[in-house]
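Have a look; sequence and predicted model below, questions after that.
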Amino acid sequence: MKYVIIGASAAGIQAAQDLRNIDGKAEITVISKEPYAPYSRCLLSRFIDGRLPESALYYKTGDFFKTGGIEGLTGEKVVGVDRFAKKIRTDKDRSLAYDRLLIAAGARPRVPSMPGTGLEGVFSLHGLDDALGIIKRAKEVKEAVVAGAGFVGLEAAWALAKRGLRVTVVEKCQQILPNQLDRTAGSIIQKDLEEAGVNFVLDESLTEAGGCDAIESVTLADNSDLRCGLLILATGIRPETDLALGAGLKTDRGIIVDDHLRTSFTDIWAAGDCIEIEDVSTGRRSTSATWFNAVLQGKYAAYNMAGLNKRYTGSVGIQNAVQFHSLPAISFGKTQVSPEDGQDYKVLSVKRDRAYKKLVLKGDRIVGMIFVGDISRSGFYAALIRNGIDIKVYKDKLLDPDFSYAHFKYAYFKQEDFGQYDPYFKTAECWDHPEWWELRGRCMLAEGCK
Amino acid sequence: MKKLTVRAERCTGCKRCEIACIEEHSGAKSYGTSVKETPAPKTRIFVEPVGNRPLPLVCRHCQDALCVSACMAGCMQKDPVTGVVTNTGHEQKCVGCWMCVMACPYGVINMSLDSAGTAQAVFAQAVKCDLCPKRGTPACVEACPNEVLGVEEIEEGVYQ
């Protein structure tokens, strides 16, 4: 069997690794347009501020391709897929035949249409090349502007502030992280970042980047100018669908796949940031740009490509964990309810000082959460959302400080292990008995259970 | 593969397992001085209350561990031989992004977070059960006075 994988980031590499584990004899080829060994994009901001050396970006061992017996073609771009002849073409005029193809081409940064984005000192933050460029530029200048207060924008701003630059973030919404957080959580994180020296201009957009060769300033919509020698455009990403479109696959915002990660044409699968898949928290198809989703999709794509027929369920588009300065935060699923969503939703929240917890409920299910400050056990809530668990019994306990997996395990004692090994299998029947205290005393005295 | 077992009906909630865990993962192997360490060692086993009952929550060292998939730095790994899921040995790569904390359905990944430092040096690292690689029996199992916790060789995959 000949597997070809387009893209060597989270989804592509995970798929290659799992295909190799399942099928020791398969021929696996991974093609990446970037000339580097597999590296983690999410770590780039930490590379920029010097917390990590370049070597730490390579999250797999240096000889990942070699030890896995995987052919890695780096620095080569796929320019066409012929789905009928089952062949792909690259920009080096190479033609490769495949039996099964995985498109994990990722996404590309969106560049706003305004004058001056071609100037020197204007970057996106998407790949290692961008990060290297930003580091070089940041050594020469003192002021930077970041357009967009999404995760990438804030990571970049935080990194540049750590390097000692004066950073201003310009965001067109009235809060930071508008897709992930609500106002309350946004303002907590914003304050945390402001304390660390990042400046914010909200409810404002850029209209122009000015300068001769290199950028000298940006102009805002209210005609004010901000001086800067470095501009980072973090105004979102767009799924890479060109290849799929050229091949005649069904696409919308991303490549459309079913719950087995199959595209609309046989023998082609897709995974990662380039796809669009149903989100269990909203019930609508959505794209996602998180490492975790990409890895899981790569994994399930590999299972299905190898013929194991596993359904990929519980996809949640928004799942982010983050810590910029001193506050950790989690956003998961549907975090904001607007009047258009109807009456079915209910919001529970607690806020104390800089700690904030919010759960969005739909009927007897949790569909979204925001945790700021204290994020312990957030994985348990995430599992409740991902698996669509009925929480009716716990409705008044959900935000209690001691609500944990223990409650869940107690109520359904033998049933719910999320498909994993059950460490409680030796627990005796008397666990659930109303006089458990008495019974346990007897057990301890080796009288046995009654 | 080594797995922890819990006989929940015997647990009195004394939390000696938590203390033993902190001790084992502290520099001086002492609970008393661990509070003075930076970052302060954190427990990797959790005795949680359910109503008036205690229940120890332990890591299952999952077969298809979500925390491993979530790790963007490649530091949370499942050992193919021992089956232990841990970031021990790669913790210098951990950047404290907390994706594993968000991924673990059982909520048994703790955060070692020292924000007392300046803005330039906040220490953040995920910590979780590593089944005490330096000792035969995990510290929590040894410390448990009521034989609640045990460790057994259990073949992976049979419970699915």
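Ah, there it is. Residues are numbered from 1 along each chain as shown, chains lettered A, B, ... in the order given.

low-scoring stretches of the chain, by residue?
With no chain named, the answer covers chain A. Flagging of chain A using pLDDT under 70 yields the residue ranges A:411-416, A:446-450.

nope, chain B
Scanning chain B for pLDDT under 70 picks out the ranges B:115-122, B:158-160.

Compute the distance between the residue nearest the centre of chain A and A:Phe151, please.
By CA atoms, centre = their mean, the mean C-alpha position of chain A lies nearest to A:Thr290, the distance being 1.3 Å. Counting by CB to CB, to the nearest Å, the separation of A:Thr290 from A:Phe151 is 9 Å. (C-beta placed from N, C-alpha, C; glycine too.)

One more: A:Gly388?
26 Å.

the more surrounded of the two?
Neighbour totals were compared for A:Gly388 and A:Phe151, and A:Phe151 leads with 21 against 15 (other CB atoms under 10 Å in any protein chain shown).

For the residue nearest to A:Pro423 when sequence neighbours are not counted, name its beta-bridge partners.
In space, and not counting its chain neighbours, A:Pro423 is closest to B:Val6: 4.9 Å by CB to CB, 6 or more residues apart in numbering or on different chains. Bridge pairing for B:Val6 (DSSP bridges) gives the partners B:Leu149.

okay but A:Val280 is in contact with A:Ala383, surely?
No: using CB atoms under 8 Å, A:Val280 makes no contact with A:Ala383, being 11.9 Å away.

These two: who's more crowded?
Per other CB under 10 Å, whichever of A:Val280 and A:Ala383 has more neighbours is A:Ala383, with 22 against 18.

From what I see, A:Val169 and A:Leu206 are in contact.
No: with contact defined as CB under 8 Å, A:Val169 does not count as touching A:Leu206 (11.2 Å).

Those two: which is more packed in?
A:Val169 (27 against 23).

which ones are touching the more buried one?
Each residue near A:Val169 by CB atoms under 8 Å, 6 or more residues apart in numbering or on different chains is listed here: A:Val145, A:Val146, A:Gly148, A:Ala149, A:Gly153, A:Leu154, A:Ala157, A:Ile176, A:Val198, A:Asn199, A:Phe200, A:Val201.

between these, which has the most around it?
Counting by other CB under 10 Å, top hit in those: A:Val146 with 32 neighbours.

three-state assignment of that one?
Of the three states, A:Val146 takes strand according to DSSP: H, G, I helix; E, B strand; the rest coil.

What is the burial count for the residue nearest to A:Tyr381 when sequence neighbours are not counted?
Closest residue to A:Tyr381 apart from its sequence neighbours, by CB to CB, 6+ apart: A:Met369 at 5.2 Å. Applying other CB under 10 Å, we find 28 residues neighbouring A:Met369.

what is A:Met369 paired to in the beta sheet?
Assigned bridge partners for A:Met369, using DSSP bridges, are A:Phe332, A:Leu359.

I figured it hits A:Thr335, correct?
Yes: counting by CB under 8 Å, A:Met369 does reach A:Thr335; the two are 7.1 Å apart.

what do the two both touch?
A:Lys358, A:Val360.

thinking again about what came up before, for the residue nearest to A:Tyr381, give its distance to A:Leu399.
Counting by CB to CB, the gap from A:Met369 to A:Leu399 is 10 Å.

In three-state terms, label B:Thr12 for me.
coil.

mind listing what it touches?
Contacts for B:Thr12 (CB under 8 Å, 6+ apart) come out as A:Arg440, B:Pro54, B:Asn146.

Closest to A:Gln190 out of these?
B:Pro54 (39.8 Å; CB to CB).

Just list the residues touching A:Ala321, thanks.
Contacts here follow CB under 8 Å, 6+ apart; on that basis A:Ala321 touches A:Pro328, A:Ala329, A:Ile330, A:Ile375, A:Ser378, B:Cys97, B:Trp98, B:Met99, B:Val101, B:Met102.

ok, now how distant is the closest residue to the fifth one other than its chain neighbours from A:Ala10?
Closest residue to A:Ser378 apart from its sequence neighbours, by CB to CB, 6+ apart: A:Ile330 at 4.6 Å. From A:Ile330 over to A:Ala10 the distance is 19 Å, taken as CB to CB.

ok, the residue nearest to the centre of chain A touching A:Val322?
No: A:Thr290 is beyond contact range of A:Val322, at 10.7 Å (criterion: CB under 8 Å).

ok, back up a step: between the contacts of A:Val169, which is nearest chain B?
A:Val198 (10.4 Å; CB to the nearest CB).

just checking, that closest one touches A:Trp158?
Yes: counting by CB under 8 Å, A:Trp158 is a contact partner of A:Val198 at 6.4 Å.

Now find how far off-centre the top helix by length along chain A is within its chain.
The residue-count maximum for a helix in chain A (DSSP state H) belongs to helix A:291-305. In terms of CA atoms, centre = their mean, to the nearest Å, the centre of helix A:291-305 is found 13 Å from the chain centre.

packing partners for that helix?
helix A:10-22, strand A:100-103, strand A:268-270, helix B:66-70, helix B:99-103 (3 or more CB pairs under 8 Å, 6 or more residues apart in numbering or on different chains; DSSP states H and E).

mind listing the helices for chain B?
B:16-24, B:31-34, B:66-70, B:99-103, B:139-143.

and the longest one with chain A, contact?
What it means is helix B:16-24. No: judged by CB under 8 Å from any CB of the partner chain, helix B:16-24 stays clear of chain A, getting no closer than 12.8 Å.

hmm, who's touching that helix?
B:29-31, B:34, B:41-47, B:56, B:129, B:132, B:135, B:138-145, B:148-149.

would you put the C-alpha positions of it in CSV?
Output of helix B:16-24 as CSV, limited to C-alpha atoms (Å, rounded to 0.1, in the frame of the first residue of the first chain):
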residue,chain,number,x,y,z
ARG,B,16,-1.3,10.1,52.9
CYS,B,17,-1.0,9.1,49.2
GLU,B,18,-1.0,12.8,48.2
ILE,B,19,1.7,13.6,50.8
ALA,B,20,3.8,10.6,49.7
CYS,B,21,3.5,11.7,46.1
ILE,B,22,4.6,15.3,46.9
GLU,B,23,7.5,13.9,48.9
GLU,B,24,8.7,11.5,46.2
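
what's near enough to touch A:Ala234?
By CB under 8 Å, 6+ apart, the contact list for A:Ala234 reads A:Pro109, A:Ser124, A:Leu125, A:Val146, A:Ala147, A:Gly148, A:Ala149, A:Gly150, A:Val152, A:Gly153, A:Ala156.

could you redo the last one with a cut-off of 6 Å?
Contact analysis of A:Ala234 by CB atoms under 6 Å, 6 or more residues apart in numbering or on different chains lists A:Val146, A:Gly148, A:Gly150, A:Val152, A:Gly153, A:Ala156.
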